[in-house]
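Colleague: Task: produce atomic coordinates for the following.
(one chain, ligands or ions: 1)
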Amino acid sequence: MPSDEGRDARARLFEWRGRAPGRVNLIGEHVDYLGGVVLPAAVDRYTEVTGHAAEEWSVESDVPGGLAYVRAVGEELASRPQAVKVTSDVPPAAGISSSAALLVAVAVGVRPDLPGRDAALACQRAEQHATGVQVGVMDQFASALGRRGHALLLDCATLAYKAVPFPGELAIAVIDSGEHRSLAETPYNERRREAEAGEPKRRRHVDSEIARVHAFVDALEGRDFERLGTLLKESHQSLRDDFEVSTPNVDALVEKAWAAPGCYGARIMGAGFGGSILALVERDRRSDFAESMGRGVLFCSTADGAYVTSK
Ligand code: GLA
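Modeller: Here you go, the predicted model:
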């Protein structure tokens, strides 16, 4: 029988690696935690982690605050403590879910054998524990199981999903409003409770947004880009007026994008209360669009999720 010390020493030598992408959400906002359908995509910005067993959990990263997430996902996966190093080109607090990328990167590093769905659920629970925010499963699911060249149509009630081809002529643009917030400081949980309680305005957003997700998929399939843009605009108006998760600053940025060259449509993306906007832009007019926005535009492409192995 090897001694405990011998086993520990060997575990410390074994270094694991994980890598997971950020995500955008094309449409289907604030409906995941109500069992609605959403249409996110993993994108080509990644968080990479390496780790080895250690006395206690630790994180080395340029971005502060990762320890609570890493420990929470490790505990969800019944992992012993690990010393984890993080490198990432997913900008933090910029709306493409750096937290989901970190969680899923650790999950795939520690438990590459898990089905992607189970990993996504473990990461969702970890985020809820680490932050106290009752997030849905969309971000973690997209980071785990997104498909290059596709968006994921995900039914959050059953976790059934389908990869929907994303047209190459469209560029995905993410623009940071500069208004940053940690979700725990926002009324996210309050909105969730109001929607669950059936408060009429909140419900009107949820029902209309779910209808827009289906219409959006039809328009993608029919390559009706103008219609995609109209649906993004309607989604923004609903998030602004009915779900009340936008801010005047974000509204101004969205309106600027609506008027910019090459833009089919734009809306607030993610939890809201600041954060980033998403715009769909004619691929060939990216530089006109960026110039007219007059601030940093992050163009990204769809990517494979961490648990997608058919590369
Ligand atoms: C955050 C949460 C998601 C989802 C969105 C809003 O990104 O992590 O689960 O609820 O907000 O659609």
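
Colleague: Counting neighbours, what do you get for D284?
Modeller: 10 (other Cβ atoms under 10 Å). Any C-beta I mention is one placed from the backbone N, CA and C, and that applies to glycine too.

Colleague: Now do the same contact list for it.
Modeller: Contacts for D284 were tallied using Cβ atoms under 8 Å, 6 or more residues apart in numbering; they are E169, G262.

Colleague: Wasn't it part of a helix?
Modeller: Yes: judged by DSSP: H, G, I helix; E, B strand; the rest coil, D284 forms part of a helix.

Colleague: where's it relative to A171, distance?
Modeller: D284 is 9 Å from A171, where distance means Cβ to Cβ, to the nearest Å.

Colleague: Name the residues of the stretch 151-300 of the chain found near the ligand, please.
Modeller: With Cβ under 6 Å from any ligand atom as the criterion, the stretch 151-300 of the chain meets the ligand at residues G270, A271.

Colleague: Show me what residue of the stretch 151-300 of the chain gets nearest to the ligand.
Modeller: At 3.6 Å from the ligand, A271 is the closest residue in the stretch 151-300 of the chain, using Cβ to the nearest ligand atom.

Colleague: got the contact list for that residue?
Modeller: H30, L183, T186, Y188, V245.

Colleague: Please enumerate residues in contact with stretch 248-255?
Modeller: 175, 177-179, 236, 240, 246, 266-268, 272, 274-275, 277.

Colleague: PyMOL command for the buried members of those?
Modeller: Of those, the buried ones can be selected in PyMOL as follows, counting by 16 or more other Cβ atoms under 10 Å:
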select buried, resi 175+177+236+240+246+266+267+268+272+274+275+277
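
Colleague: Can you get me the start-to-end distance on stretch 266-279?
Modeller: This stretch, stretch 266-279, spans 4 Å end to end (Cα to Cα, to the nearest Å).

Colleague: do the same with stretch 267-276
Modeller: 9 Å.
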